[in-house]
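Participant: predicted model and sequence below, questions to follow.
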Amino acid sequence: MAPTHTIGFVWPGPAVPGDAEEVSRFVPEGVEWHIAGTPREYDADAPPAITRERLFGMAENPNIETTAATLPALGVEAIGYGCTSASYVRGVGGDIDICERITGMTSLPSTTTSTMAVESLRLLGVSRVTVLSPHVDELNERLREFLEGHGLEVVHLRGLNKLRDIEDIPQEEIYELVVHLVDRPEADGIFISCTGMRTSDILSRLEEATGKPVVSAMQATIWGTLRLAGAPAELPGIGSLFRLAVPALA
């Protein structure tokens, strides 16, 4: 089957094992996708800690837009920057700066994980959100400020204080954390931050267990990029976000 749409993603560094499988779970049949990773600026055997300082450098590095410039030749119609923390760390507007740089370089519509996390939560009717983040407190507070700067009330934020290897957290562990330590009765939605957090197998189960919409970083990034491309963005079994019938953004 020839693809009817093509989307692209800029990754914060080369994709790690499991990224492609996770992305594919959120992409409907008939849509082709490509990941372009920014250059690795460290020893592959010794990745640096995920800190505020490192993320500021990532967010402001022009390798984001120069990496995005490789995607138009592949026929992509829209680009998503797939990193929550680098797109929220500079506060409200930092995500839009990344979008503008990518679009300025490629002439294609673009979005970021943080941009679409907020948009997704709003479209699902969430105003009071509880959050699971794998990161350290200095980043979690930046995430809280970003969400609250967009009018969302963060009623609880659980941080795991991990500095690396986030993609190794088992999905069942994430499920248990959300159900038993993250969810709150006063919240009307849940956000799982970081595209390194694998969630494709548990989103629908989490919604059944909590009775609330659950948005994850990877899910929101891909859903928003699909919408920008005017591609189908409805799939069963991966959360209520992918059941929303809303107009394309493009």
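Facilitator: In hand now; what should we look at? Computed from a predicted structure; not experimentally measured.
Participant: contact partners for the most centrally placed residue in the chain?
Facilitator: Centroid check for the chain by CA atoms, centre = their mean gives Ala217 as the closest residue, at 2.9 Å. Counting by CB atoms under 8 Å, 6 or more residues apart in numbering, Ala217 touches 84, 113, 117, 192-195, 197. No exception for glycine: its C-beta is placed from N, CA and C like everyone else's.
Participant: now the strands: where do they sit in the chain?
Facilitator: Secondary structure of the chain (DSSP state E): strands at 5-11, 31-37, 79-81, 110-112, 128-133, 153-159, 189-192, 214-216.
Participant: for Ala233, which of these is the nearest?
Facilitator: strand 31-37 (9.2 Å; CB to CB).
Participant: distance between the closest one and the chain's centre?
Facilitator: 15 Å (CA atoms, centre = their mean, to the nearest Å).
Participant: average pLDDT across it?
Facilitator: Per-residue pLDDT over strand 31-37 has a mean of 96.
Participant: name the strands paired with that strand and say parallel or antiparallel.
Facilitator: If you go by DSSP bridges, strand 31-37 pairs up with strand 5-11 (parallel).
Participant: residues touching the strand it pairs with, excluding its own?
Facilitator: 19, 23, 27, 30-38, 64, 67-68, 71, 74-83, 102, 221-222, 225-226, 228-232.
Participant: how far off centre is that strand?
Facilitator: 13 Å.
Participant: next one: stretch 7-18
Facilitator: Worked out by CA atoms, centre = their mean, stretch 7-18 lies 12 Å from the chain centre.
Participant: how long is it end to end?
Facilitator: Stretch 7-18 has an end-to-end distance of 19 Å (criterion: CA to CA, to the nearest Å).
Participant: report the buried residues of it.
Facilitator: Counting neighbours by 16 or more other CB atoms under 10 Å, one finds that the buried residues in stretch 7-18 are 7-13, 15-16.
Participant: of these, closest to Thr51?
Facilitator: Distances from Thr51 to the buried residues of stretch 7-18, taken by CB to CB, are shortest for Pro12, at 13.6 Å.
Participant: with adjacent residues omitted, what lies nearest to that closest one?
Facilitator: Cys83 (4.2 Å; CB to CB, 6 or more residues apart in numbering).
Participant: okay, now that neighbour: neighbour count?
Facilitator: Counted with other CB atoms under 10 Å, the neighbours of Cys83 add up to 28.
Participant: again, but for Leu163
Facilitator: By other CB under 10 Å, the burial measure for Leu163, its neighbour count, is 14.
Participant: and Pro72, by the same measure?
Facilitator: If we define neighbours as other CB under 10 Å, then Pro72 has 15 of them.
Participant: what's the closest non-adjacent residue to it?
Facilitator: Thr106 (5.3 Å).
Participant: still on that earlier bit, residues touching the residue nearest to Pro12, list them.
Facilitator: 11-12, 58, 112-113, 195.
Participant: at 7 Å instead, please
Facilitator: When contacts are counted by CB atoms under 7 Å, 6 or more residues apart in numbering, Cys83 touches 12, 113, 195.
Participant: if I look at the residue lying closest to Pro17 once chain neighbours are set aside, how far off is Glu207?
Facilitator: Nearest residue to Pro17, sequence neighbours excluded (CB to CB, 6+ apart): Glu167, at 7.9 Å. In this view, Glu167 and Glu207 are 23 Å apart by CB to CB, to the nearest Å.
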